[in-house]
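1. Test case, fold it:
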Amino acid sequence: MADSLPKRGGMSLTTKIVIGMAAGLITGTILNIIGSAGVNSWLVDGLFAMIGTAFVNGLKMLVVPLVVFSLLCGVLGIGDIRMLGRVGGKSFALYIATTAIAIATAILLGLLIGPGEGFVMEGVDTSGVTAAEAPTVWQVFANIVPSNPVASLANGDMLQIIFYTIVVGIAALMLGEQSTGFAKACEYMNELMMKVVSIVMAFAPYGVFALIARVFAKEGIELFIPVLAYVMTLTGALFLHLFVTLMLILKLMSGLSPMTFIAKIRPAQIFAFSTASSNATIPITYRCTTERMGADNSVASFTVPFGATINMDGTAIMQGVATVFLANVYGVTLGLGGYLTVIAMAVLASIGTAGVPGVGLVMLTMVLTQVGLPIEGIALILGVDRLMDMIRTAVNITGDAVVTLIVAKSEGKLDQAVYDDPYAGLTTDELEIDPAAEAKLAALAHHG
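-> Numbers count the residues shown, from 1 in each chain. Sure, this is the predicted structure:
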């Protein structure tokens, strides 16, 4: 979901974060066993608390500008308001629908498995932690329209910010060439914010270490049990959406073979998993959907980058499972209204989620705030989130490809022969390393 993870000193950021998580777990467990009041006061509640809080604040600092500029670039990238017709309307509706299905499935699976249930955070006062009174669905959608957009930006009211930003983007498209300078400014600010994210994420290993060490110093190794339940639930929800939900949608809405799709989308999934970057995977996803699967360029050139901007099924699933997990850990009952609010927030937030590492956690902070859960709870999942991010990104780009094929097929812009040919679009090198392809070429040559 981001630019390729930076390398520093020959070690990737992901590796550094995993090391920070492990070191924090070990350090915190040792401090918990020692149990020195002086050490806890100066180190755990002092230094670790300062570093952890600063990192969490850094994540929260990114939310509003990331949403505004990435979403403006997404809307302006359409180029022509008329393109929001058939192709734009179909792809937008499908992206939103799959995201809603993804988070609803995640919440249902989370409620069924119950990660974090029965776990009590001793030493952490949660007596005053209650869920904010959930508004009705009608209130949620009515409140999307801001009475004062400046106040919404200042207060971080994401639902209103997203709505207002989309309206501004559409208005800019309607102005045509007059918006050229505005579009370039938005692109620059978006790139600038990407760099800011990379700066903040460079401190992630230290923030993870401090947050995890502080939590385990207070709670002990027993805290790892609900985290394992969270990881298993999240992984299960991601795989369920990837291999069942998306494949059913593909089959029902296009009639295409899911097995062929899985075989041909694999290179993009591997690249997405290794980079945790939807944006970086756009060229690979584009090639898979056009050269390998036969979608016309006129469709894929719009739906693939558009999906990388607004389609965040994996991120939505994480937000759903994380919300259930943290609600259980803190003993907060959200109720139907609360979870409907989470679904609405995740769907709308996915439109403005930038394709950079760690943004899923940034967006999670606003979801937690919306339902009245402590933002500090992300310390429990921050360490494992980098690993989960890789799977989430693979799910995201798979959803992009599924929607691209459905829209292309509905518009008569998909070459069925290319889709059915297992060797379509393969380069000479790829054919040479594929024994089955070599056998096919040999047979063709033998028969003249």
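2. all helices of the stretch 151-300 of the chain, in order?
-> 158-174, 180-202, 204-219, 224-240, 246-254, 258-275, 282-287, 297-310 (DSSP state H, counting those that start in this stretch).
3. Show the average pLDDT along the third one.
-> Averaging pLDDT along helix 204-219 gives 79.
4. I'd like the distance from it to the chain centre, please.
-> Helix 204-219 sits 23 Å away from the centroid of its parent chain (CA atoms, centre = their mean, to the nearest Å).
5. how far off helix 258-275 does the biggest helix by length in the chain point, in degrees?
-> Using DSSP state H, we find that the single longest helix of the chain is helix 379-410. When axes from the mean of the first three to the mean of the last three CA atoms, to 10 degrees is applied, the directions of helix 379-410 and helix 258-275 differ by 140 degrees.
6. Now the element after helix 379-410, going C-ward?
-> Next helix or strand after helix 379-410 toward the C-terminus (DSSP states H and E): helix 416-420.
7. Can you say which of the helices of the stretch 151-300 of the chain is nearest to Thr393?
-> Nearest to Thr393, of all the helices of the stretch 151-300 of the chain, is helix 258-275, at 4.4 Å by CB to CB. Where you see a C-beta, it was placed from the backbone N, CA and C, and this is true even at glycine.
8. Packing partners of the closest one?
-> helix 246-254, helix 282-287, helix 379-410 (3 or more CB pairs under 8 Å, 6 or more residues apart in numbering; DSSP states H and E).
9. could I get stretch 314-323 in CSV with only the CA atoms?
-> Extracted in CSV, the C-alpha atoms of stretch 314-323 (Å, rounded to 0.1, in the frame of the first residue of the first chain):
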residue,chain,number,x,y,z
GLY,A,314,-7.7,-5.5,3.0
THR,A,315,-7.3,-2.3,5.0
ALA,A,316,-11.1,-2.3,5.7
ILE,A,317,-10.9,-5.9,6.9
MET,A,318,-8.1,-4.9,9.3
GLN,A,319,-10.1,-2.0,10.6
GLY,A,320,-13.1,-4.3,11.2
VAL,A,321,-11.1,-7.0,13.0
ALA,A,322,-9.0,-4.5,15.0
THR,A,323,-12.2,-2.7,16.2
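10. avg pLDDT for it?
-> On average, stretch 314-323 scores 88.
11. quick one: the helices in the stretch 1-150 of the chain?
-> Counting by DSSP H, counting those that start in this stretch, the helices of the stretch 1-150 of the chain are 13-34, 37-39, 49-76, 86-113, 137-142, 149-155.
12. What is the third one packed up against?
-> Taking 3+ CB pairs under 8 Å, 6+ apart as contact, the helices and strands that helix 49-76 lies on are helix 158-174, helix 180-202, helix 204-219, helix 297-310, helix 335-351, helix 359-370.
13. Could I get those helices in JSON lines, plus columns for mean neighbour count and distance to Ile282?
-> As requested, the helices and strands packed on helix 49-76 are exported to JSON lines (neighbours: other CB atoms under 10 Å; distance: least, CB to CB, whole Å):
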{"stretch": "helix 158-174", "mean neighbour count": "19", "distance to Ile282": "20"}
{"stretch": "helix 180-202", "mean neighbour count": "16", "distance to Ile282": "14"}
{"stretch": "helix 204-219", "mean neighbour count": "25", "distance to Ile282": "24"}
{"stretch": "helix 297-310", "mean neighbour count": "22", "distance to Ile282": "5"}
{"stretch": "helix 335-351", "mean neighbour count": "22", "distance to Ile282": "17"}
{"stretch": "helix 359-370", "mean neighbour count": "24", "distance to Ile282": "16"}
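14. circling back: right, so the helices and strands packed on helix 258-275: which one is the most enclosed?
-> Greatest average neighbour count among those goes to helix 379-410 (a mean of 25), per mean count of other CB atoms under 10 Å.
15. Adding mean neighbour count, write the helices of the stretch 1-150 of the chain out as TSV.
-> Shown next, in TSV, are these (neighbours: other CB atoms under 10 Å):
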stretch	mean neighbour count
helix 13-34	19
helix 37-39	9
helix 49-76	20
helix 86-113	20
helix 137-142	13
helix 149-155	14
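16. Of all the ones you listed, which one is nearest Lys251?
-> helix 86-113 (14.0 Å).
17. Helix 335-351 and the closest one, what's the angle between them?
-> Going by the same axes, to 10 degrees, helix 86-113 makes 140 degrees with helix 335-351.
18. State the mean pLDDT of the longest helix of the chain.
-> 84.
19. please renumber so the chain begins at 528
-> Noted, 528 is the first residue going forward, which turns the last one into helix 906-937.
20. Any idea how far it is from the middle of the chain?
-> That offset, for helix 906-937, works out to 7 Å (CA atoms, centre = their mean).
21. could you give the angle of that helix to helix 576-603?
-> 10 degrees.
22. and the helix or strand where Ala843 lies, what other elements does it pack with?
-> Following DSSP H and E, one finds Ala843 within helix 840-856. Packed against helix 840-856 by the contact rule (3+ CB pairs under 8 Å, 6+ apart) you find helix 613-640, helix 751-767, helix 862-878, helix 886-897, helix 906-937.
23. just to revisit the earlier point, would you format the helices and strands packed on helix 785-802 as JSON lines with distance to Cys713 included?
-> JSON lines is the format used below for the helices and strands packed on helix 785-802 (distance: least, CB to CB, whole Å):
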{"stretch": "helix 773-781", "distance to Cys713": "31"}
{"stretch": "helix 809-814", "distance to Cys713": "18"}
{"stretch": "helix 906-937", "distance to Cys713": "22"}
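24. I'd like to know which of these lies nearest to Trp569.
-> Of the helices and strands packed on helix 785-802, nearest to Trp569 by CB to CB is helix 906-937, at 19.5 Å.
25. Verify the contact between Thr817 and Ser825 for me.
-> No. Contact criterion CB atoms under 8 Å: Thr817 and Ser825 do not qualify, at 10.1 Å.
26. Between the helices and strands packed on helix 785-802, which one is closest to Asn682.
-> helix 906-937 (24.4 Å).
27. and the direction of the closest one versus that of helix 886-897, what angle?
-> 110 degrees.
28. report the angle between the axes of helix 906-937 and helix 840-856?
-> Using the same axes, to 10 degrees: helix 906-937 against helix 840-856 is 150 degrees.
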